[in-house]
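**Student:** Predicted coordinates and the sequence they were generated for:
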Amino acid sequence: MKKVINEEIPIPIYFQVKQDLLNKIFSGALKPNDRIPSEATLAEEYGISRMTARHAVTQLVNEGYLYRVHGRGTFVSKPRVEKSFAPLTGFAEDMRARGYMPTSKVLLNAKEIPSRRVQEILELNNGEEVYRVKRLRYANAEPIVLQQAFLPVKLCPGLLEEDLENNSLYEILDKKFHLKLYRAKQKMEAVSASKEQAELLGIKKNSPLLSVTRVTFLENDTPVEFVEIWYRGDRYTFEVDLFRDWNK
């Protein structure tokens with residue numbers, strides 16, 4: 001039995017097919033890693049051309065709902081972790097709020113003299129040291145984020161002694177060192193994964209990453225952290241609410 005396609009409404013046929021497939025994904029009829037029917041089968045089921053079926057599937061691939069495996073077919077993607085820009089929260093807080101189990105692996109935890117760039121960002125004097133903390137972050141045991149943070153030693157002496165694999169850095173800064181994070185400034189750009197990043201995140205070299213650099217400040221505008229973050233493009237998406245200021 002052919003599926004219903006309404007050719008009398010001003011909605012493109014490919015879009016109707018796309019929405020029908022999306023409804024199956026959202027309802028759970030198609031689950032993550034399920035293989036969807038071939039384009040030829042979809043064309044027959046919907047009574048459309050194979051080109052139209054391919055267009056609908058390609059749209060879903062481009063939007064991240066499906067992914068193709070050469071020689072095997074097209075599959076349903078895992079849902080992406082969404083990140084809102086509004087609250088200043090750490091990775092562990094974000095994951096728990098979204099129902100994921102966060103875990104971390106510390107790759108590097110050291111005290112060092114920072115580069116000139118980090119020194120200027122954190123407004124440090126010559127010779128002042130920083131802690132460099134590099135961690136691989138997991139959601140439900142899947143690596144999705146690589147982070148490298150720099151923090152002035154003078155603001156959080158003894159940080160190296162803290163358990164940064166099983167505790168939130170932001171919670172430690174708050175409860176242990178009484179540093180109240182107030183605001184942050186961050187920039188984002190799309191980059192390709194290096195060999196090292198790809199190996200750590202379990203993806204292919206040159207896969208898309210969302211690179212974020214962020215400087216976090218105390219209420220008196222003292223910079224307390226500079227962090228470089230690389231998010232897997234296939235598992236992480238950002239969401240932001242925009243409002244019009246009618247007072248202008």
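**Tutor:** All right, it came through fine.

**Student:** hey, where'd the helices end up in the protein?
**Tutor:** In the chain, the segments counted as helices under DSSP state H are 13-27, 39-46, 50-62, 91-97, 116-121, 169-175, 195-201.

**Student:** doesn't Glu228 make contact with Ser211?
**Tutor:** Yes. Here Ser211 reaches Glu228: they are 7.4 Å apart, a contact under Cβ atoms under 8 Å. In this view, the C-beta of every residue, glycine as well, is placed from N, C-alpha and C.

**Student:** Lowest mean pLDDT among the helices and strands of the protein, which one is it?
**Tutor:** In the chain, no helix or strand scores lower on mean pLDDT, DSSP states H and E than strand 81-84, which sits at a mean of 53.

**Student:** Quick one: mean pLDDT over stretch 215-230.
**Tutor:** The average of the pLDDT scores along stretch 215-230 is 92.

**Student:** Kindly report the same for stretch 126-137.
**Tutor:** Rounded mean pLDDT across stretch 126-137 is 95.

**Student:** And the contacts of that stretch?
**Tutor:** When contacts are defined by Cβ atoms under 8 Å, 6 or more residues apart in numbering, stretch 126-137 is touched by residues 91, 102-114, 118-119, 122, 124, 143-154, 156, 159-160, 164-165, 169, 200-201.

**Student:** Would you list the buried entries among those?
**Tutor:** Restricting those to buried positions leaves 91, 102-104, 109, 114, 118-119, 122, 124, 143-153, 156, 159, 164, 169, 200-201, with burial counted as 16 or more other Cβ atoms under 10 Å.
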